[in-house]
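A.B. asks: kindly return the folded structure for what I paste below:
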Amino acid sequence: MREAENIRHIEALGIDMMGFIFWPESSRYVCSPPHYLPTKCKRVGVFVDASIEAVIQHSLDYQLDIIQLHGHETPAFAHQLSQWTTIKVFNIATSDDLIQTKAYEGSVDFFLFDTKGKSIGGNGEKFDWSMLDAYKGRTPFLLSGGIGPEDAERVKAFRHSRCMGIDLNSRFETAPGLKDVNQLKEFIQQIRL
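C.D. replies: Alright, predicted model coming up:
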């Protein structure tokens, strides 16, 4: 999210978290603070292999509540950020990709399972959620990976004792970093029925 008006409209939908991407190679990169930052939902900063100093500085500058690590950050790196809620992203293509989560048990607060694709994230592609039946870890997770307006029933039908929420991104955009408010509103209403 980058545009102040769009941020206000999305926040008004009653969402729990809003993401700000601090990876310069992303088309959604936040290069300067928006004129408005949300106050009614958690602010999530998304980082890809940034230095610990950069992560901490952005977290303080933007008053982040949550840090999402989307690169090759180690459990030790994540542990240095323990004053924030932390999310570690894992890109999934097969159930074997879930094995890597074991090293992060106890080092982060949440996992996020995304689709393994060409880009680090925001590919708009789905993975087979049934692979998550193999996830037996203790850390709760968020479900991501190409969830779009047509997936409301699929999301409602998904069951896993550790799934705590979903991540909505590129499939609800009209342009990188700009969300379609009406599509999101309708989707949220459908899944909350």
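A.B. asks: check which helix or strand Arg43 maps to.
C.D. replies: According to DSSP states H and E, Arg43 maps onto strand 42-47.
A.B. asks: who touches that strand?
C.D. replies: 16-23, 37, 54-55, 58-59, 62-71, 73, 85, 87, 121 (C-beta atoms under 8 Å, 6 or more residues apart in numbering). To be clear about C-beta, it is placed using only N, CA and C from the backbone, and glycine gets the same treatment.
A.B. asks: redo that, cut-off 6 Å
C.D. replies: The contact list for strand 42-47, computed with C-beta atoms under 6 Å, 6 or more residues apart in numbering, reads 17, 19-22, 55, 58-59, 64-70.
A.B. asks: of those residues, which belong to helices?
C.D. replies: Val55, His58, Ser59 (DSSP state H).
A.B. asks: most neighbours among the residues you listed, which one?
C.D. replies: Val55 (22 neighbours; other C-beta atoms under 10 Å).
A.B. asks: apart from its chain neighbours, what residue comes closest to it?
C.D. replies: By the measure of C-beta to C-beta, 6 or more residues apart in numbering, the closest residue to Val55 outside its immediate chain neighbours is Phe47, 5.3 Å from it.
A.B. asks: neighbours of the one you found, how many?
C.D. replies: 22.
A.B. asks: tell me what it is bridged to.
C.D. replies: With DSSP bridges applied, Phe47 shows beta-bridge pairing to Leu69.
A.B. asks: and the helices in this structure, which stretches?
C.D. replies: Using DSSP H, the helices found in the chain span residues 4-11, 52-61, 75-79, 152-157, 181-191.
A.B. asks: now for these, which one comes closest to Asn91?
C.D. replies: helix 75-79 (16.6 Å; C-beta to C-beta).
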